[in-house]
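Q: Just to be clear, the model below is a prediction. Sequence and coordinates:
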Amino acid sequence: MKKLIGALGLALCSLLAQAQTDKYNIGVYYFPGWADNQKGAVFPQPWEKIKPFPEREPKLGWYKEGSDEVTRQHIDWMAEYGINFVAYDWYWGKDNKVFLEHALAAHMRAPNREKVKISLLWANHDGMLASKDNFERMVTYWAKYYFQRPEFLRIEGKPVVFVFYADFLQADAAKFGSSTKALLESAQNIAKQNGLPGIYFVAGTGAASPMIDSFAKDAGYSALSAYNYHQGLYSPIQSHNYEQLDKAYREHWSRFVSKGNLPLVVPMTSGWDKRPWGGSKDPLHDMSFGEPGLFEGHLRAAKATMDSIKTDAPKMGVICCWNEFGEGSYIEPTKKDGFSYLEKVKKVFGTP
């Protein structure tokens with residue numbers, strides 16, 4: 001009898017371990033661009049640029065972003081349809097001040113905030129970083145206001161921070177005589193001084209970059225990913241439809257899996273159409289918008305990629321985006337498509 005109980009116990013442990021292994025941790029990027037008269041916003045009244053494209057009107061209407069009611073509803077929808085975490089686009093100025101923080105702040109005060117974890121996508125656009133002191137003040141701000149919160153996403157106990165473009169960080173660091181490695185080491189020290197085991201930095205990069213071979217790991221990153229892609233590894237032009245965009249992503253995924261030496265947070269996309277923001281340099285690139293059926297196929301290919309990666313790291317993916325209405329990358333429910341995109345996420349990856 002004891003042997004039978006022992007065998008059953010081992011079998012149960014094995015099943016539980018398998019269930020944990022098979023869980024997919026799916027996130028979504030969030031663009032905090034839908035409140036009027038915000039410093040750093042694309043336009044003073046951003047919804048006015050979207051209104052000529054009525055198919056993009058959110059199901060909640062032309063809402064006031066950062067309001068408690070809207071944020072609570074967003075969190076509920078994300079949780080219901082299998083979104084585990086939301087990485088808020090996050091901005092830090094050369095004046096050592098944060099901006100466009102209203103959506104993240106609303107999430108942190110929401111009564112349902114722990115239903116969906118939060119993370120940061122540090123939007124380190126070209127030239128945004130001024131100095132080592134500017135960087136360290138930013139990391140200190142993270143440690144003080146975000147990292148200790150129970151709803152903050154952690155891996156190995158470390159808060160997760162996505163870096164929009166790792167190449168920009170390296171270039172900016174070089175301008176003031178530093179390096180990515182030196183800056184990330186400084187960040188880890190700040191985290192440890194605040195009682196944390198460190199920071200789990202995710203490098204945003206393309207699969208053709210030397211970042212994926214050895215640079216990112218040597219510099220102190222923990223994983224690789226991207227915000228979005230516009231063309232494949234072997235194409236001289238950007239995509240002209242969603243099928244081409246999907247193929248481009250798959251090319252990046254494949255090279256990451258075969259050549260990358262860090263875990264991959266698989267980047268996914270709902271499409272691209274930048275006409276409300278003035279359009280892409282190649283107008284045909286703005287024909288790369290998706291539709292739910294094609295999006296499902298894209299998600300299934302991403303899931304297969306996650307399954308193919310032999311690593312102890314979590315099976316993770318991140319979708320661009322919840323609400324990039326100006327760029328045509330969104331899965332937030334709209335009056336035209338309803339919950340179609342979220343339903344595909346739930347269908348492919350299941351509930352958390």
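A: Arrived safely. Computed from a prediction, not measured in an experiment: that's the story for all the values here.

Q: Any idea how many residues pack against the closest residue to N323 other than its chain neighbours?
A: Among residues not flanking N323 along the chain, E332 sits closest, at 4.8 Å (Cβ to Cβ, 6 or more residues apart in numbering). Yep, even glycine has a C-beta here, placed from its N, CA and C like the rest. E332 has 23 neighbouring residues, counting by other Cβ atoms under 10 Å.

Q: same thing with the one 3 residues further on?
A: Residue neighbour count, defined by other Cβ under 10 Å, stands at 13 for K335.

Q: same check, this time on the one 10 residues further on
A: Here the count is done by other Cβ under 10 Å, and V345 has 26 residues near it.

Q: what does E48 give?
A: By the criterion of other Cβ under 10 Å, E48 has 12 neighbours.

Q: what about it, helix or strand, and which?
A: Following DSSP states H and E, the helix or strand that holds E48 is helix 47-50.

Q: Then I190?
A: Secondary structure (DSSP H and E) places I190 in helix 180-193.

Q: Can you show me the strands along the chain?
A: Shown for the chain, the strands assigned by DSSP state E span residues 24-30, 85-92, 98-99, 117-122, 154-155, 158-163, 200-204, 223-225, 266-269, 271-272, 288-289, 315-320, 323-324, 329-330.

Q: Quick one: closest of the ones you listed to E48.
A: Nearest to E48 among the strands of the chain is strand 323-324 (16.0 Å), distances taken as Cβ to Cβ.

Q: The closest one pairs with which strands?
A: Taking DSSP bridges as the criterion, strand 323-324 forms sheet pairs with strand 329-330 (antiparallel).

Q: And for the partner strand, what's in contact with it?
A: Outside of strand 329-330, the residues within contact range by Cβ atoms under 8 Å, 6 or more residues apart in numbering are 56, 228, 269-272, 320-324, 341.

Q: and the gap between the nearest residue to W34 once chain neighbours are set aside and F339?
A: Excluding the flanking residues, the one nearest W34 by Cβ to Cβ, 6+ apart is E65, at 3.8 Å. Applying Cβ to Cβ, to the nearest Å, the value for E65 to F339 is 20 Å.

Q: just to revisit the earlier point, the helix holding I190: how far from the chain's middle?
A: 22 Å (Cα atoms, centre = their mean, to the nearest Å).

Q: Export only the CA atoms of it, formatted as PDB.
A: This file holds the C-alpha atoms of helix 180-193, laid out as PDB (Å, rounded to 0.1, in the frame of the first residue of the first chain):
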ATOM      1  CA  THR A 180      25.400  48.700 -21.600                       C
ATOM      2  CA  LYS A 181      27.200  46.300 -19.300                       C
ATOM      3  CA  ALA A 182      28.300  49.100 -16.900                       C
ATOM      4  CA  LEU A 183      24.800  50.600 -16.800                       C
ATOM      5  CA  LEU A 184      23.000  47.200 -16.200                       C
ATOM      6  CA  GLU A 185      25.500  46.300 -13.500                       C
ATOM      7  CA  SER A 186      24.700  49.700 -11.800                       C
ATOM      8  CA  ALA A 187      21.000  48.900 -12.100                       C
ATOM      9  CA  GLN A 188      21.500  45.500 -10.500                       C
ATOM     10  CA  ASN A 189      23.300  47.100  -7.600                       C
ATOM     11  CA  ILE A 190      20.500  49.600  -7.100                       C
ATOM     12  CA  ALA A 191      18.000  46.800  -7.100                       C
ATOM     13  CA  LYS A 192      20.000  44.800  -4.500                       C
ATOM     14  CA  GLN A 193      20.300  47.900  -2.300                       C
END
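
Q: Could you check that helix and say which residues are buried?
A: For helix 180-193, burial by neighbour count (16 or more other Cβ atoms under 10 Å) applies to 180, 183-184, 186-188, 190-191.

Q: Give the residue spans of this structure that score low on pLDDT.
A: Along the chain, the model assigns pLDDT under 70 to residues 1-22, 351-352.

Q: so where do the helices sit in it?
A: Ranges of helices in the chain, per DSSP state H, are 2-22, 47-50, 68-80, 102-109, 132-145, 166-175, 180-193, 215-219, 242-259, 292-308, 340-349.

Q: Could you dump the ones you listed into a markdown table and include distance to P314?
A: Output for those, formatted as a markdown table (distance: least, Cβ to Cβ, whole Å):
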| stretch | distance to P314 |
| --- | --- |
| helix 2-22 | 9 |
| helix 47-50 | 35 |
| helix 68-80 | 18 |
| helix 102-109 | 21 |
| helix 132-145 | 21 |
| helix 166-175 | 20 |
| helix 180-193 | 20 |
| helix 215-219 | 18 |
| helix 242-259 | 16 |
| helix 292-308 | 9 |
| helix 340-349 | 13 |
